[in-house]
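Novice: based on what follows, work out the 3D shape:
(one chain, ligands or ions: 3)
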Amino acid sequence: MILDLDIGNTLSKWRLKDADSSEIRSRGAVWTREEWRPGADIPDLDVVEAVRISSVARKAVLEETVGLLRRRVGTVHVARSTAEALGVTNGYEEPGRLGVDRWMGALAGYQLAGGCCAVDCGSAITVDFVLPGGRHLGGYILPGLRLMKESLKLGTRNVAIDPDSEAEELLEPGRRTVEAVNHGIFMAAVSAVNRIYSEVCDQQGVALPMMLTGGDARVVSRGIQVPHAVWPDMVYGGLEACFPLTAAERAGRMSGAPRVPSPVALEKIRAALAFSMLL
Ligand SMILES: Nc1ncnc2c1ncn2[C@@H]1O[C@H](COP(=O)(O)OP(=O)(O)O)[C@@H](O)[C@H]1O
Ligand SMILES: CC(C)(COP(=O)(O)O)[C@@H](O)C(=O)NCCC(=O)O
Ligand SMILES: [K+]
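Specialist: Ligands and ions are numbered 1, 2, ... in the order given. Just a heads-up that it's a prediction; the model follows:
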């Protein structure tokens with residue numbers, strides 16, 4: 001069994017993948033905290049032969065996790081942001097400083113679609129661009145939905161946006177605090193992502209397929225105006241591509257990869273951008 005770990009600022013997600021059949025056997029998530037110990041909410045390590053980790057948590061959290069896993073599991077791969085990998089060149093001045101979850105997302109997106117816009121809606125919302133040919137441009141970081149809500153300190157932090165609510169409803173003026181906050185942060189997130197996408201495609205002269213991941217991907221997806229795919233396992237896809245362990249992975253197949261969305265024509269993106277400037 002392969003254990004894939006994606007340690008984010010809020011949640012540490014894991015999945016167990018069968019190395020022979022490539023099936024995902026189980027998944028879970030625990031709060032990212034100082035200590036990470038096998039217990040009721042953590043998979044049984046006795047069945048694990050290899051671990052792959054992407055972590056943006058504090059160094060001490062990663063060190064402790066890796067130390068614990070190395071004592072129990074033969075192979076432990078820890079992903080790092082590098083200047084170049086799998087045909088993609090990192091756009092950061094200091095490549096190692098790019099969040100490794102963003103780097104995994106960019107690599108997975110490129111492997112699947114060629115050029116891409118990778119959006120990760122977690123504690124932070126990150127938007128990264130890779131051009132056809134593999135140049136990563138860098139990206140944007142904004143507070144995630146939960147962080148935006150917490151920052152308002154209106155006592156609404158525990159009332160999540162219902163991921164099944166319709167985008168039209170979420171765009172309406174709220175008539176209660178919870179509603180006003182939820183609709184406000186939804187609007188902030190989706191307008192930013194829509195605008196960033198249009199601006200960068202316009203600047204670069206290319207319409208790129210967009211892929212969304214992270215805990216809030218489903219809800220953000222409702223307000224995205226261009227064709228896109230939601231790919232919950234995008235960070236894991238980067239781990240599979242960097243450290244292929246199964247025959248399918250060596251052949252470049254990533255578990256749960258969506259169909260590549262066909263982007264709208266660049267002229268349409270430009271026309272919409274120009275129109276929105278007039279308003
Ligand atoms: N069951 C849940 N528990 C916690 N957060 C959730 C849950 N469902 C959705 N979310 C949202 O997902 C975000 C965490 O997403 P995730 O991609 O795991 O973040 P990170 O990688 O930063 O830890 C939270 O900030 C919250 O807005
Ligand atoms: C931007 C992030 C905080 C996002 O983390 P997440 O929301 O997935 O927990 C993370 O990718 C990070 O710590 N990045 C380092 C800074 C950078 O990417 O420039
Ligand atoms: K994120």
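
Novice: check contacts around Asn182.
Specialist: Lys149, Thr156, Val159, Ile161, Leu170, Gly174 (CB atoms under 8 Å, 6 or more residues apart in numbering). Bear in mind the C-beta positions are built from the backbone N, C-alpha and C, glycine included.

Novice: hang on, it is in a helix, isn't it?
Specialist: Yes: per DSSP: H, G, I helix; E, B strand; the rest coil, Asn182 lies within a helix segment.

Novice: host element of the residue nearest the centre of the chain?
Specialist: In the chain, the residue lying closest to the centroid (CA atoms, centre = their mean) is Asp120, at 3.2 Å. Assigned by DSSP states H and E, Asp120 belongs to strand 116-121.

Novice: that strand and ligand 1, are they touching?
Specialist: No: Strand 116-121 stays clear of ligand 1 (CB under 6 Å from any ligand atom), getting no nearer than 6.6 Å.

Novice: buried ones in the host helix or strand of Gly67?
Specialist: Assigning secondary structure by DSSP H and E places Gly67 in helix 59-72. Within helix 59-72, the residues scored as buried using 16 or more other CB atoms under 10 Å are Val61, Leu62, Glu64, Thr65, Val66, Leu68, Leu69.

Novice: quick check, nearest of the contacts of Asn182 to ligand 3?
Specialist: Lys149 (15.6 Å; CB to the ion).

Novice: for the stretch 101-250 of the chain, what spans make up the strands?
Specialist: In the stretch 101-250 of the chain, the segments counted as strands under DSSP state E, counting those that start in this stretch are 116-121, 124-130, 136-143, 210-213, 228-230.

Novice: show me the helices in this structure, by range?
Specialist: 59-72, 100-113, 145-152, 167-170, 177-204, 217-221, 234-242, 247-250, 266-278 (DSSP state H).

Novice: out of the ones you listed, flag the one nearest Glu84.
Specialist: helix 100-113 (10.5 Å; CB to CB).

Novice: how big is the angle separating the closest one from strand 136-143?
Specialist: Following axes from the mean of the first three to the mean of the last three CA atoms, to 10 degrees, one obtains 130 degrees for the angle between helix 100-113 and strand 136-143.

Novice: please compute how far stretch 167-183 lies from its chain's middle.
Specialist: 25 Å (CA atoms, centre = their mean, to the nearest Å).

Novice: pull out the buried residues from it.
Specialist: Buried, per 16+ other CB under 10 Å, within stretch 167-183: Leu170, Glu179, Val181, Asn182, His183.

Novice: within reach of ligand 2, which of these are there?
Specialist: Okay, of those, nothing touches ligand 2 (CB under 6 Å from any ligand atom).
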